[in-house]
Structures are given as C-alpha cells and as structure tokens.
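Just the structure for this:
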Amino acid sequence: MSASLDRDDVVGREWDFLATDRDGSVALISSAGYGPIPEAVLSHGVAVETVVEGLRTQLPVIGESLDCRQQDRSGDYSDWFGASRRGLYTYDWHVYDGFYKQVSAPSAVLRAEGLTPEISRVAALLRLPVLFAETAQLSLDERGIESFKKGVPA
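Next up, the predicted model:
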C-alpha cells in the first residue's frame, strides 16, 4: 500500500486513522497526538494520512451528525461532526481517561462496501470486533482492543 510511519513520526500531533467494525461501519479515530495507534495502521501510515486528508472531498454529506459527547463539551469538534455527516462514527483520545471516546455518530451510516477502493483498503487495516453503534469507548494498542458499551460506566 504505502510507506510506514513509526510512533515518533506522529507523537505530539493530531493524527487520524480509520477502522471498521464487525458490521462494516467505519469510524474516524483521532489520536490527539498521544493516543495508542495499532501497528497495522502505522505500517501503512502515509496511505492512511493521504486517505484521511481527502475524506471531506471524496465523501458526500449523507445525513446528520449526532453528538455523543458526555460531560466534556470543550473544544472544537466540527471536523468530527463533519465526518459523521458523511456517514462515519468518530472517536477522540482522552488522555486523562485512557480511552478513545465516541464524539459523534452518523444518522445515516456509511458501510465499507460504499467506499472508494482506496478508502476501503485503509479502513480495512483495522477491523474491530465491536459495533460502533454500541461502543462509547475504545482502548486500543498494537496487540488488541478493549471496548466499553454505551451506558456502562468507565
């Protein structure tokens, strides 16, 4: 696919990647500069960056964005809400909690089979054994995933 990156290439800067769930829904996951990024994604880092940068121009708006933030209402999450209007679930790293937390959900869900081949290949790099529609928090590392269902306290 493309050249790899290592952790030093992305630490300290906002770095986004894609994942698919077991139903083929797609999520945009933002590391906030310090969140764990699975090796399967970093090993294709240049392709991931290229695809994520082009999402706004390649994916049309297909619905509304549903705000899934809980207590935290700080910050500008317009990019996350924009991605959800294009059919993607979104997660952001929360360093103090140690989880990727869902920011927004799409009213109209885009599935992997509805993507361009290039976006689909990048989204398939990280397949998670969860349903984003039911998952409020993710704990990712290079070895695996731990998920937390919505409504279950951390």
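
hang on, isn't residue 58 packed against residue 117?
No - with contact defined as Cβ atoms under 8 Å, residue 58 does not reach residue 117; the gap is 11.4 Å. All C-beta atoms are positioned from the backbone trio N, CA, C, and that covers glycine.

okay, those two: which has more neighbours?
residue 58 (13 against 7; other Cβ atoms under 10 Å).

Can you list the buried residues in whichever strand or helix holds residue 122?
Per DSSP states H and E: residue 122 is located in helix 117-123. Residues of helix 117-123 classed as buried: 119, 120, 121, 122, 123 (neighbour count, 16 or more other Cβ atoms under 10 Å).

Redo these as CSV? Include pLDDT and distance to residue 31.
Below are the buried residues of helix 117-123 laid out as CSV (pLDDT from 0 to 100; distance: Cβ to Cβ, whole Å):
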residue, pLDDT, distance to residue 31
119, 94, 19
120, 94, 22
121, 94, 20
122, 95, 15
123, 95, 16
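
what's next to stretch 50-61, contact-wise?
For stretch 50-61, contacts defined as Cβ atoms under 8 Å, 6 or more residues apart in numbering pick out 2, 16-18, 28, 82-83, 85-88, 110, 115-116, 118-119, 122.

among those, which ones are buried?
16-18, 28, 82-83, 85-88, 110, 115, 119, 122.

circling back: name the helices or strands packed onto the helix holding residue 122?
strand 16-20, helix 45-58 (3 or more Cβ pairs under 8 Å, 6 or more residues apart in numbering; DSSP states H and E).
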